[in-house]
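*Asks:* only geometry, no sequence info:
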DNA sequence: ATGGTTGAAGATCAA
């Protein structure tokens, strides 16, 4: 079973690229982020025609997350991250596909820092950590997939000097990510590529970042122990990023064996 | 070199 995460940066602007990706890569599940559209403008028909069922949590203009599954509709288990009824951002949706509980996460960017956006990022992170703890307690296969807006280590950023003041590499951002992982999650991509120091999933549109491989690793798939045991492979799929009118992110995927 | 690009909304913000 192939499970991917893909920040599409506008699902309607990216629809041809997304459909192309579904047809070529044939993921069983794709977690999408940055839909940048309201629920009623989600391109449900086109995605259905491509053979995928979907659940989504949209928001006009910004944010928005979805989970697509080939040949079936994901069974939604959570919409919005618990812990703050006043949080109006659409950044979390969770559903079950093929016996696996799957979360699509769009963690706040947090720039500029310091400031209220960075504070929001860290508070949102605490709520994610609490919810992840509850998911681990279920002792079932879970994947937390999405755009975490965190480079876990220096080597996950193309240049630390260029990124020094960015929210994505701050010690507080990394400490929160570490506390999450150390609950017992496996960072699947890093697990498969322990020595790759140019393992990126995002390249800024500006300043020729893509052609000179000035990237960041910020899209992650975290596996519960029950799923980590079944991890076969994890890769960055660079092809979509090379195309015209691409997202600034590219898909990252894991291959999971059938339950034994 | 304090720039550069993109999407969605709407003449700016978020990334």
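*Replies:* Yes, it's here. These numbers were taken from a predicted model, which means no experiment stands behind them. Numbering: from 1, shown residues only, chains lettered A, B, ... in the order given.
*Asks:* so where is chain A shaky, pLDDT-wise?
*Replies:* Scanning chain A for pLDDT under 70 picks out the ranges A:260.
*Asks:* Can you list the residue ranges for helices in it?
*Replies:* A:15-25, A:44-49, A:116-137, A:160-163, A:171-181, A:188-192, A:225-228 (DSSP state H).
*Asks:* Give the buried residues for the third one.
*Replies:* So that's helix A:116-137. Within helix A:116-137, the residues scored as buried using 16 or more other Cβ atoms under 10 Å are A:118, A:121-122, A:124-125, A:128, A:131-132, A:135-136. For glycine as for every other residue, the C-beta is placed from the backbone atoms N, C-alpha and C.
*Asks:* of those residues, closest to DNA strand B?
*Replies:* Comparing these against DNA strand B with Cβ to the nearest atom of the strand places residue A:121 closest, at 8.9 Å.
*Asks:* surely that closest one meets residue A:108?
*Replies:* Yes: here residue A:121 reaches residue A:108: they are 4.1 Å apart, a contact under Cβ atoms under 8 Å.
*Asks:* what do the two both touch?
*Replies:* Common contact partners of residue A:121 and residue A:108 (Cβ atoms under 8 Å, 6 or more residues apart in numbering): residue A:149.
*Asks:* follow-up on the earlier one: let's have the buried residues of helix A:116-137 in CSV, adding distance to residue A:176.
*Replies:* CSV is the format used below for these (distance: Cβ to Cβ, whole Å):
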residue, distance to residue A:176
A:118, 11
A:121, 8
A:122, 6
A:124, 9
A:125, 4
A:128, 8
A:131, 13
A:132, 11
A:135, 17
A:136, 16
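*Asks:* Turn those into a markdown table, columns for distance to DNA strand B.
*Replies:* Output for these, formatted as a markdown table (distance: Cβ to the nearest atom of the strand, whole Å):
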| residue | distance to DNA strand B |
| --- | --- |
| A:118 | 10 |
| A:121 | 9 |
| A:122 | 14 |
| A:124 | 11 |
| A:125 | 14 |
| A:128 | 15 |
| A:131 | 20 |
| A:132 | 21 |
| A:135 | 24 |
| A:136 | 27 |
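*Asks:* Between those, which sits nearest residue A:160?
*Replies:* residue A:118 (18.2 Å; Cβ to Cβ).
*Asks:* OK, contacts around that closest one?
*Replies:* A:110-112, A:167, A:170, A:172.
*Asks:* again, only this time at 6 Å
*Replies:* Contact partners of residue A:118, counting by Cβ atoms under 6 Å, 6 or more residues apart in numbering, are A:110, A:167.
*Asks:* ok, now residue A:219?
*Replies:* Here residue A:219 is in contact with A:5, A:147, A:201, A:249, A:252 (Cβ under 6 Å, 6+ apart).
*Asks:* So for the fourth one, what's the nearest residue that isn't a sequence neighbour?
*Replies:* Spelled out, it's residue A:249. In space, and not counting its chain neighbours, residue A:249 is closest to residue A:7: 3.8 Å by Cβ to Cβ, 6 or more residues apart in numbering.
*Asks:* what's the burial count for the one you found?
*Replies:* Residues near residue A:7, counting by other Cβ atoms under 10 Å, number 26.
*Asks:* bridging residues for it?
*Replies:* Beta-bridge partners for residue A:7, by DSSP bridges, are residue A:33.
*Asks:* surely it meets residue A:34?
*Replies:* Yes: contact criterion Cβ atoms under 6 Å: residue A:7 and residue A:34 qualify, at 5.1 Å.
*Asks:* The residue nearest to residue A:47 when sequence neighbours are not counted: what's it in contact with?
*Replies:* For residue A:47, ignoring the flanking residues on the chain, the nearest one in space by Cβ to Cβ, 6+ apart is residue A:54 at 5.4 Å. Taking Cβ under 6 Å, 6+ apart, we find residue A:54 in contact with A:47, A:66, A:68.
*Asks:* Turn those residues into a markdown table, including distance to residue A:24.
*Replies:* A markdown table is the format used below for the contacts of residue A:54 (distance: Cβ to Cβ, whole Å):
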| residue | distance to residue A:24 |
| --- | --- |
| A:47 | 15 |
| A:66 | 19 |
| A:68 | 15 |
